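**Student:** Sequence and predicted model, in that order:
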Amino acid sequence: MILKSFLHKVFKDREEFMMLDLKHIKKYYTVGDTTTKALDDVSVSFREKEFVSILGASGSGKTTMLNVIGGLDRYDSGDLVINGQSTKTFKDADWDAYRNNSIGFIFQDYNIITHLSIIDNVTMGMTLSGVSNDEKLKKAKESLERVGLKKHMNKKPAQLSGGQMQRVAIARALANDPEILLADEPTGALDTQTSREIMDLIKELAKDRLVIMVTHNPELAEEYSDRIIKFNDGQVLSDSNPYQSGEVNNDFELKRTKMSFWTALKLSFTNIKTKKGRTFLTMFASSIGIIGIGIVLALSNGFQKQIDNTQAETLSQFPITISRVGLDSQAAMQNSQSTGKKNFAKGQTVTAKRSTAELAQHINKLDTKYVDYVKNIKKSAAKDIAYSYTTGFNLVRQVNGKYQPVTFSNMDESQTQQGSTGDPSSSVGVGGAVYPTDRNGKMSFLKQNYKTLAGKYPTKKTDIVLIADQHNNVNINALKNLGFNVKNNQNLKTADLIGTQVKLVANDDFYQKLPTGNFVPSKDYSQMASSAKTKTLTVTGILRTKSKNSDGLLANGVAYNDRLTKEVVDQNKKSAVANAQRSSEQNVLTGQSIKDANRPGLMTYLGAASVPSTIQIYPKSFDQKDRVTDYLDKYNHGKSSADKVVYNDLAGSISSLTGGLMDAITYVLIGFAGISLVTSMIMIAIITYTSVLERTKEIGVLKALGARKKDITRAFDAETTILGLGSGVLGVVIAWLLTFPANVLLEKVTDLSNVAQLNPWHALLLIIISTVLTVLGGHVPARMGSKKDAAIALRSE
Ligand SMILES: Nc1ncnc2c1ncn2[C@@H]1O[C@H](COP(=O)(O)OP(=O)(O)OP(=O)(O)O)[C@@H](O)[C@H]1O
């Protein structure tokens, strides 16, 4: 042990430790049919501290040997022993670390990364091995000082002379304090004077390390180096001072390298800065897709908001309607599916089948139980509920001094044949629109949706109104059926209509019983009019819709309060004719037998049944509508299909239609804009590929400094990240700016203000998409770049 340390000391003093040992190294290049033996069984050892020059003809394998020693190129066979450690089992990461920790490269053409500052060039190796910032800077300054560049430290590489550039390269090689300095014709590009200065410097450095220099200049080699090895055809021809044998200093340990993403970003950023114009154009071109999508989203957002607002405003006015005869959309759908088969039937039979329309028809049982259920809808969800009873109104009016029967219908009565259907409600006395009373008893429905064209809003149950459309048209049949003698397009004074009185006669006064047991309307109208039970209805106003949206809410013609119908039903329920009808199998008015289907209609007409024919529920707001429909759906849970009550939600079907339409348009437009995104992705791939080609030399230098494949990929990924982020932000900003002129234009054309609105979340999403797509597009060329052979990369021009 003591002996060993003694020997160690003695050998160390004599600088006789062995640093490198090449054992039968072979490196062949095969291109096509020819094989070049660049290194053909080379065995040579190097001391820990000496200055070795390698001479030889061009193509004799000098650079190849330097590259093999420096770990830039792999030997085919043999072994390279570093400090006693074989490199046969070295993995990529070990080679990377070896280059970084132990090797300093100096090249003929300096290989300075021109877009980085001098300091950054010098510190790159240390950056890769994760040396702290302060230490890096300190060491970089030291080594720059050592090569005599203290004064020029803040210049850009392009501002330096050749000699100065080479000094930077030497400073870079020194900065990490490597054991081995490899110089490939370091003075090849320099004049004699500068060459000498550089050689002095290298000689100085060789005092503490192994320097291996390839040169074509035998004089310089003779003058400066301790040992000259001559090469010929890949073999060692002569060696002026061969190393025989000796101790090995066994303290070889490698520190792994790793480039942080931050370093990669910095590297890419400085590179991008050297080509600002191109970068901006690239970003702009690839932002076009983002601009497109941004605008489409902004517009569709705005339009959807507008549509939603309008819908909420207008469609909430439309009631959910439950009629005695409803449309079962589910049954209708099933049926249309089964009849939708394309094939023609085979065989010689025909099938008896109910029609689609009939199958879809659903008879709702609007009994008291259901009415009570509906009455319990929360007031916060439904503001008004109108129950219409298609009960017959027995009406008479005095025309030209004589009472005559009239109706509230707006059908052309001369066209309908009375009694033909056996359901009098289809032809007589029924009609007109029923408007609901608020659930708190007030009559705000009309005030909300209609304004008075003439007269006043109704205040009592017996007040009735005429509904006109926005052009002041009133249904001519409604007027004729009230006994007015009018022609089409005839103008009437509102004063002539307001105050019109109609007598509403009770069943018992209106019908007389015949000896046969049937009932017929009595003919003595003036007596009916003066009966105690008769009510006087008065037209108090002519109303017109407030906005286009509520047009059609009530039918054009006579409208009356739902409480009036309820009162008539209650009155007529106990009438003789109703009682008779209840217990009769025949129509007590005509004596004809009645079909089952028509019976409920007839019963309600005569007031014998007090179930409503239609229930209209007015949701408080568009949002509350769902609560109402949910409530109605709940009633149907677990009921047989015959007991189910189906409703018609007109507003719902309209809104789902327009919503779907907007979505569809948006998707199509985004699809188009998406194509340009893909285009820009391809463009980025091409640009990254170009960048990889342009930076081949840089890749070689980084690898010589110990960068791993991953680090190279990372450097290019960082570049595409910057590009993608830039184009995303640019695209979003441009799209946002474009919303302003777009809004001005849209306001001029459509009267809608502030339609285009870019949602900040969408903007963020677009930036992320742009970045991710760009990085993806650039990743493949980045990988290609990282796989470039370092030795070949350094040889590239
Ligand atoms: N990647 C490669 N593919 C094929 N052949 C190669 C490759 N690299 C080097 N060679 C060949 O190997 C031989 C040795 O090349 P090397 O560059 O080591 O010679 P050199 O002595 O350094 O020459 P010079 O003094 O001109 O730089 C040459 O014949 C060269 O053509």
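**Tutor:** In hand now; what should we look at?

**Student:** Please enumerate the strands of the stretch 51-200 of the chain.
**Tutor:** 77-82, 85-86, 103-106, 180-184 (DSSP state E, counting those that start in this stretch).

**Student:** how about these, which one is nearest V558?
**Tutor:** strand 103-106 (101.8 Å; Cβ to Cβ). Any C-beta I mention is one placed from the backbone N, CA and C, and that applies to glycine too.

**Student:** pLDDT averaged over that closest one, what's the number?
**Tutor:** Strand 103-106 comes out with an average pLDDT of 91.

**Student:** now for it, which elements pack on it?
**Tutor:** helix 162-175, strand 180-184 (3 or more Cβ pairs under 8 Å, 6 or more residues apart in numbering; DSSP states H and E).

**Student:** Contacts for that strand next, please.
**Tutor:** Strand 103-106 is touched from outside by 69-72, 111, 166, 169-170, 172-174, 176, 178, 180-184, 186, 202, 704-705, with contacts defined as Cβ atoms under 8 Å, 6 or more residues apart in numbering.

**Student:** One more pass at 7 Å, please.
**Tutor:** For strand 103-106, the external contacting residues (Cβ atoms under 7 Å, 6 or more residues apart in numbering) are 70-71, 169-170, 173-174, 176, 178, 180-183, 186, 704.

**Student:** Check pLDDT for those and point me to the minimum.
**Tutor:** N176 (82).

**Student:** quick one, phi psi at that one?
**Tutor:** The phi and psi torsions at N176 (degrees, to the nearest 10) take the values phi -90, psi 10.

**Student:** what's the neighbour count on it?
**Tutor:** Using other Cβ atoms under 10 Å, N176 is surrounded by 26 other residues.

**Student:** Quick one: closest of the helices and strands packed on strand 103-106 to the ligand.
**Tutor:** strand 180-184 (7.5 Å; Cβ to the nearest ligand atom).

**Student:** count of residues packed around the residue of the stretch 351-500 of the chain found nearest the ligand?
**Tutor:** Using Cβ to the nearest ligand atom, the single residue of the stretch 351-500 of the chain nearest to the ligand is T356, 79.8 Å away. T356 has 14 neighbouring residues, counting by other Cβ under 10 Å.

**Student:** Same question for the one 4 residues further on.
**Tutor:** Neighbours of A360 under the rule other Cβ under 10 Å: 20.

**Student:** my read: it touches L327, true?
**Tutor:** Yes: judged on Cβ atoms under 7 Å, A360 makes contact with L327 at a distance of 5.6 Å.

**Student:** residue contacts, V168?
**Tutor:** 112, 118, 121-122, 149, 157, 160.

**Student:** If you rank those by neighbours, which is first?
**Tutor:** Highest neighbour count within the contacts of V168: V122, with 31 neighbours (other Cβ under 10 Å).

**Student:** count of residues packed around the nearest residue in space to L650 that is not next to it in sequence?
**Tutor:** Of all residues not flanking L650 in the chain, F318 sits nearest, at 5.1 Å (Cβ to Cβ, 6 or more residues apart in numbering). Summarising burial for F318: neighbours were counted as other Cβ under 10 Å, giving 22.

**Student:** Hmm, F318 is touching N648, no?
**Tutor:** No: F318 is beyond contact range of N648, at 10.0 Å (criterion: Cβ under 7 Å).

**Student:** now the residue sitting furthest away from the middle of the chain: how far from the ligand?
**Tutor:** Largest separation from the mean C-alpha position in the chain: P515, at 79.5 Å (Cα atoms, centre = their mean). Separation of P515 from the ligand (Cβ to the nearest ligand atom, to the nearest Å) stands at 126 Å.

**Student:** do the same with G674
**Tutor:** 43 Å.

**Student:** any chance of the contacts of V168 in TSV, with pLDDT too?
**Tutor:** Listed next are those as TSV, based on pLDDT from 0 to 100:
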residue	pLDDT
I112	89
I118	91
N121	90
V122	91
L149	84
P157	87
L160	88
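
**Student:** now, which of the residues you listed lie close to the ligand?
**Tutor:** Filtering those for neighbours of the ligand using Cβ under 6 Å from any ligand atom leaves an empty set.

**Student:** quick one: contacts for L254?
**Tutor:** 94, 97-98, 101.

**Student:** just checking, it is part of a helix?
**Tutor:** No: counting by DSSP: H, G, I helix; E, B strand; the rest coil, L254 is not part of a helix but coil.

**Student:** please renumber so the chain begins at 13
**Tutor:** Okay, using 13 as the starting number, the last item reads as L266.

**Student:** Next up, the contacts around the closest residue to it other than its chain neighbours.
**Tutor:** In space, and not counting its chain neighbours, L266 is closest to A109: 4.0 Å by Cβ to Cβ, 6+ apart. A109 is in contact with 266-269, 718, counting by Cβ under 7 Å, 6+ apart.

**Student:** Can you tell me which of the residues you listed is closest to G90?
**Tutor:** L266 (20.9 Å).

**Student:** how near is that closest one to P190?
**Tutor:** With distances taken as Cβ to Cβ, to the nearest Å, L266 is found 12 Å from P190.

**Student:** Let's have the helices and strands packed on strand 115-118 in JSON lines, adding distance to F117.
**Tutor:** Shown next, in JSON lines, are the helices and strands packed on strand 115-118 (distance: least, Cβ to Cβ, whole Å):
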{"stretch": "helix 174-187", "distance to F117": "6"}
{"stretch": "strand 192-196", "distance to F117": "5"}
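
**Student:** want to throw these into JSON lines with distance to the ligand?
**Tutor:** Output for the helices and strands packed on strand 115-118, formatted as JSON lines (distance: least, Cβ to the nearest ligand atom, whole Å):
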{"stretch": "helix 174-187", "distance to the ligand": "17"}
{"stretch": "strand 192-196", "distance to the ligand": "8"}
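
**Student:** Kindly report the residues of the stretch 63-212 of the chain close to the ligand.
**Tutor:** Residues of the stretch 63-212 of the chain lying near the ligand (Cβ under 6 Å from any ligand atom): 68, 70-76.

**Student:** List only buried entries from the residues you listed.
**Tutor:** Among these, those scoring as buried are 68, 72-76 (criterion: 16 or more other Cβ atoms under 10 Å).

**Student:** Looking at these, which are in helices?
**Tutor:** Among these, the members falling in helices are 74-76 (criterion: DSSP state H).

**Student:** Tell me the one among those nearest to N145.
**Tutor:** Using Cβ to Cβ, those come closest to N145 at T75, 34.9 Å.

**Student:** Skipping adjacent residues, who's closest to that closest one in space?
**Tutor:** D196 (5.8 Å).

**Student:** beta partners of the one you found?
**Tutor:** V226 (DSSP bridges).

**Student:** correct me, but it touches T76?
**Tutor:** No: with contacts counted by Cβ under 7 Å, D196 stays clear of T76, the gap being 10.6 Å.

**Student:** what about the residue of the stretch 613-762 of the chain found nearest the ligand, how many residues close to it?
**Tutor:** As assessed by Cβ to the nearest ligand atom, the ligand sits closest to G712 within the stretch 613-762 of the chain, at 12.4 Å. G712 has 24 neighbouring residues, counting by other Cβ under 10 Å.

**Student:** That one looks like it's in a helix, true?
**Tutor:** Yes: checked against three-state DSSP, G712 lies within a helix.

**Student:** Which positions in the protein make contact with the ligand?
**Tutor:** Counting by Cβ under 6 Å from any ligand atom, the chain sits next to the ligand at 41, 43, 48, 50, 68, 70-76, 804.

**Student:** mind running it again at 5 Å?
**Tutor:** 41, 48, 50, 70-76 (Cβ under 5 Å from any ligand atom).

**Student:** Setting aside sequence neighbours, what's the nearest residue to I284?
**Tutor:** Using Cβ to Cβ, 6+ apart, the closest residue to I284 is T291 (5.0 Å).

**Student:** Show the pLDDT at the one you found.
**Tutor:** pLDDT recorded at T291 is 87.
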